[in-house]
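Undergrad: Take this sequence and fold it.
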Amino acid sequence: MRGLVLAALHVNTAAVEDLFHDGEVLWAATSGGLEAYDDEGQRIGHVLDGLPGAKLRSVGMHKGRLTVGGAQGAAS
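TA: The predicted model follows:
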């Protein structure tokens, strides 16, 4: 996931489809991309670059890499 850019974007992330906690960061697959939160619940970023589309359905770990999936494919 280090290859993806975290940035503040104005997109609709109200619909959370899936959550994954990697031990440090809570990742949320949403209708507007991938959001990241620290352990205190503070939003630390939003990822859209490098994703197959903004509407994500799943997020999790696969072969040691954070992976997301949506209607337009998957990325890790």
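
Undergrad: only C-alpha atoms for contact and neighbour calcs from this point on.
TA: Will do.

Undergrad: Quick check: Gly33 touching Ala54?
TA: Yes: look at Gly33 against Ala54 with Cα atoms under 8 Å: they come within range, at 4.4 Å.

Undergrad: What is the burial count for Thr30?
TA: Neighbourhood size, Thr30 [other Cα atoms under 10 Å]: 23.

Undergrad: Likewise for Val47?
TA: As a burial measure, Val47 scores 20 neighbours (other Cα under 10 Å).

Undergrad: now Leu26: how far from Ala54?
TA: Distance, Leu26 to Ala54, using Cα to Cα, to the nearest Å: 18 Å.

Undergrad: Among these two, which residue is more densely surrounded?
TA: Neighbour comparison, Leu26 and Ala54: the larger count goes to Ala54, with 23 against 19 (by other Cα under 10 Å).

Undergrad: check which helix or strand covers the more buried one.
TA: Here Ala54 sits in a region with no helix or strand, counting by DSSP states H and E.

Undergrad: and Asp39, how many neighbours?
TA: As a burial measure, the neighbour count of Asp39 was computed by other Cα under 10 Å and equals 11.

Undergrad: and what of Gly69?
TA: Counted with other Cα under 10 Å, the burial measure for Gly69 works out to 20 neighbours.

Undergrad: what's the answer for Met61, then?
TA: Around Met61 there are 13 other residues, counting by other Cα under 10 Å.

Undergrad: Repeat that for the one 4 residues further on.
TA: Other residues near Arg65 number 12, with proximity taken as other Cα under 10 Å.

Undergrad: Find the residue closest to it in space, skipping its chain neighbours.
TA: Sequence neighbours aside, Ser76 is the residue nearest to Arg65 in space, at 6.1 Å (criterion: Cα to Cα, 6 or more residues apart in numbering).
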